[in-house]
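> would you be able to build a 3D model of this:
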Amino acid sequence: MKVLKSETAFTGRAFSIRLDTVEYAPGKTHRMEIVEHSGAVTMVPVDEKGHVWFIRQYRHSVGETILELPAGTLHTSEDPAVGAQRELQEEIGMQAARLEHISTFFLAPGYSTEKMYAYLATELSPAPLPQDADEQIEVVKLSVAEAMAAVDRGEVRDAKSLAALLAAGRRLGW
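Prediction:
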């Protein structure tokens, strides 16, 4: 595949949109819209009692309040582990003494560059930071059995949470 033309059509706070014209076969071109994203982190926080910490948050794009793992967008050139600690503090008010990278994956590679770094966060202790102004978050602690039941019932429906839970489950033998 050869890129014939590339231009930025929109630049926003969280992402940009790039329009590419590509030649995918000799003489055959296609225009593609690409969401350029700086990357993000998601964490599977597990406390000393074995509870997995989730958040419940309204997501305007889908018009629903959903149950998901804590996560957030990386600042420009931010180390993913640093971003993971910051987001833990902002979203659940905790920091992790142990932060283990368990997976890296693309959320929607058909149209987005967003790379998600997933971490297992353990040895939690209180260390709150202010939440982002546009977030209203409820912290929800579930046992592993309750968390897996929530997945089975379709209550955990975002890709990052499902992928990170799978990676954590493989790591911890759930």
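> so, low pLDDT: which residues of the protein?
Low-confidence segments of the chain, defined by pLDDT under 70: none present.
> could I get the CA-only coordinates of the biggest helix by length in the chain as CSV?
Secondary structure of the chain per DSSP state H: the longest helix is helix 159-172. Presented in CSV, the C-alpha positions along helix 159-172 are these (Å, rounded to 0.1, in the frame of the first residue of the first chain):
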residue,chain,number,x,y,z
ALA,A,159,-13.2,-3.5,24.5
LYS,A,160,-10.4,-2.2,26.7
SER,A,161,-11.9,-3.6,29.9
LEU,A,162,-12.7,-7.0,28.3
ALA,A,163,-9.1,-7.3,26.8
ALA,A,164,-7.4,-6.2,30.1
LEU,A,165,-9.5,-8.6,32.2
LEU,A,166,-8.6,-11.4,29.8
ALA,A,167,-4.9,-10.6,30.2
ALA,A,168,-5.1,-10.2,34.0
GLY,A,169,-7.1,-13.4,34.2
ARG,A,170,-4.5,-15.3,32.3
ARG,A,171,-1.7,-13.8,34.5
LEU,A,172,-3.5,-14.5,37.8
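> quick one: contacts for E135?
When contacts are counted by C-beta atoms under 8 Å, 6 or more residues apart in numbering, E135 touches Q57, E91. All C-beta atoms are positioned from the backbone trio N, CA, C, and that covers glycine.
> recalculate using a threshold of 10 Å.
I55, Q57, Y58, G72, E90, E91 (C-beta atoms under 10 Å, 6 or more residues apart in numbering).
> same check on Q89?
Q89 touches P70, Q95, A96, P126, A127, P128, L129, P130, Q131, counting by C-beta under 10 Å, 6+ apart.
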